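Colleague: got a sequence here, can you build the structure:
(one chain, ligands or ions: 1)
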Amino acid sequence: MASIFTKIIKGEIPCYKIAEDDNFFAFLDINPNAKGHTLCVPKKEVDRLLDLDEETYLGLMAFSRKIGLAIEAAIPCERVGMTVIGLEVPHVHVHLIPLSTMANATFQSKVSLTTEEFEKVAENIRAKIQ
Ligand code: 5GP
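Modeller: Just a heads-up that it's a prediction; the model follows:
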């Protein structure tokens, strides 16, 4: 069965989209650690990061860097953190999280945003993509 992220990539489930290219897709995490928390996903559906072929792995890192730089330009924060977990959704995804405190990296303190706030955050990040 297709993963929830494959359904998002195909447009079967809505998301706050940030960017896509032929191989990768970025969108806002629906339960963010901090405003601007973004997921970068390979369109190829693979469960574990280290099972990606090297080309896809390196491509995912390059794509994530581009999106991370846009987040850093759009969202006030100390820096953008990058983490890969995958215990909830078995489709590789890089979390890009604007960090102001260590709590932003823990996945235990969450922020809630309105639809309008999600849309505005996504728009601001999209505007900074080089
Ligand atoms: P992980 O698999 O790395 O533990 O976490 C999966 C992440 O995906 C979580 O941060 C969760 O909030 C996010 N997530 C799960 N389902 C959805 C969804 O349907 N839409 C979006 N935008 N994010 C999701």
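Colleague: secondary structure element for the spatially most central residue of the chain?
Modeller: Nearest residue to the geometric centre of the chain (CA atoms, centre = their mean): Leu39, 1.3 Å. Using DSSP states H and E, Leu39 sits in strand 38-42.
Colleague: mind listing residues that contact that strand?
Modeller: 5, 8-9, 18, 23-29, 52, 56, 59-60, 63-64, 67, 71, 91-96, 125 (CB atoms under 8 Å, 6 or more residues apart in numbering). Heads up, the C-betas are built off the backbone N, CA and C, glycines and all.
Colleague: restricted to buried residues, select these in PyMOL.
Modeller: The PyMOL command for the buried members of the contacts of strand 38-42 (criterion: 16 or more other CB atoms under 10 Å) is given here:
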select buried, resi 5+8+9+18+24+25+26+27+28+29+52+56+59+60+63+64+67+71+91+92+93+94+95+96+125
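Colleague: so Leu96, which state does it fall into?
Modeller: strand (DSSP: H, G, I helix; E, B strand; the rest coil).
Colleague: separation between it and the ligand?
Modeller: According to CB to the nearest ligand atom, to the nearest Å, Leu96 and the ligand sit 11 Å apart.
Colleague: Thr38: neighbouring residues, count only.
Modeller: 28 (other CB atoms under 10 Å).
Colleague: what segments of the protein are helices?
Modeller: 4-9, 54-74, 115-127 (DSSP state H).
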